[in-house]
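Peer 1: Here is my input, please return the structure:
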Amino acid sequence: MVSRKILSLPRLCQRAGIGLVVGTVLAGSAVAQDASHPVIAGYGAIQPAVDVSNPPDPSLRYRVVFEVTRTASDNAQINPAFDRVARFVNLLAASGVHPPRGDIIIVIHGPATTSILSDAAYQARFHQANPNTRLIEELQKAGVIIHVCSYALAGAKIEKAAVAKDVSIDLAAMVTLATLQLKGWALIAG
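Peer 2: This is a model prediction of the structure:
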């Protein structure tokens with residue numbers, strides 16, 4: 001009975017005139033959390049969009065790199081740029097687009113560098129757990145690859161061992177960004 005509801009929701013949304021389906025969708029083999037968070041539960045909330053142009057195109061391969069340089073204004077809040085990446089993943093999924101692992105990449109440098117500290121390192125620096133940890137893990141589960149610039153780490157006096165699990169340390173953000181764009185990734189800066 002549950003699967004019937006999942007399959008009938010897109011038809012219901014089409015009848016209601018919703019151009020961008022944001023119902024419960026399948027993400028890989030797991031059922032989505034809710035209509036506002038089809039892939040990444042609790043982050044990157046989306047909402048129905050009626051009569052809109054340029055929805056995600058299921059015939060395209062979305063290879064996108066997000067340049068993340070800013071951080072939250074308060075160390076107790078998640079980095080809003082990470083939430084924006086989660087929204088992008090959820091928007092694509094709501095339209096039936098599920099990029100393969102590694103097609104969505106985050107490249108971090110500048111003030112955002114502390115966002116990828118391990119909980120222990122964040123605790124030592126800011127006297128609290130890293131509010132980004134769960135979102136980083138959810139992004140990684142959704143196939144998003146996260147890179148950080150080694151020069152930004154050095155500038156922020158962050159040791160490699162202090163970087164969160166499964167975050168790649170690259171030579172330089174500018175090299176990674178240039179390489180990915182030359183290989184066909186679209187850049188979303190901010």
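Peer 1: mind listing what the closest residue to Ser118 other than its chain neighbours touches?
Peer 2: Excluding the flanking residues, the one nearest Ser118 by C-beta to C-beta, 6 or more residues apart in numbering is Ala164, at 5.0 Å. (Each C-beta comes from the backbone N, C-alpha and C, glycine too.) If you count contacts by C-beta atoms under 8 Å, 6 or more residues apart in numbering, Ala164 has them with 116-118, 130, 132-133, 136.
Peer 1: Which pLDDT value belongs to Ala164?
Peer 2: pLDDT, Ala164: 98.
Peer 1: how near is it to Ile46?
Peer 2: Using C-beta to C-beta, to the nearest Å, we find Ala164 at a distance of 25 Å from Ile46.
Peer 1: Tell me where this structure is predicted with low confidence.
Peer 2: Counting by pLDDT under 70, the ranges of the chain that qualify are 1-33.
Peer 1: hey, where'd the strands end up in it?
Peer 2: Secondary structure of the chain by DSSP state E: the strands cover 18-20, 26-27, 30-31, 49-50, 64-68, 104-108, 145-149, 168-170, 186-189.
Peer 1: out of these, nearest to Asp57?
Peer 2: Among the strands of the chain, strand 18-20 comes nearest to Asp57, with 11.9 Å by C-beta to C-beta.
Peer 1: Now do the contacts for Glu67.
Peer 2: 107, 109, 173, 177, 187-190.
Peer 1: nope, Val163 is what I was after
Peer 2: 116-118, 121, 148, 153, 169.
Peer 1: could you pull out the helices for the protein?
Peer 2: Along the chain, counting by DSSP state H, helices occupy 2-15, 80-94, 119-126, 133-141, 150-155, 173-182.
Peer 1: Now render the contacts of Val163 as CSV, adding distance to Ser59 and neighbour count.
Peer 2: Output for those, formatted as CSV (distance: C-beta to C-beta, whole Å; neighbours: other C-beta atoms under 10 Å):
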residue, distance to Ser59, neighbour count
Ile116, 34, 29
Leu117, 39, 24
Ser118, 40, 17
Ala121, 43, 18
Val148, 33, 28
Leu153, 39, 22
Ile169, 35, 14
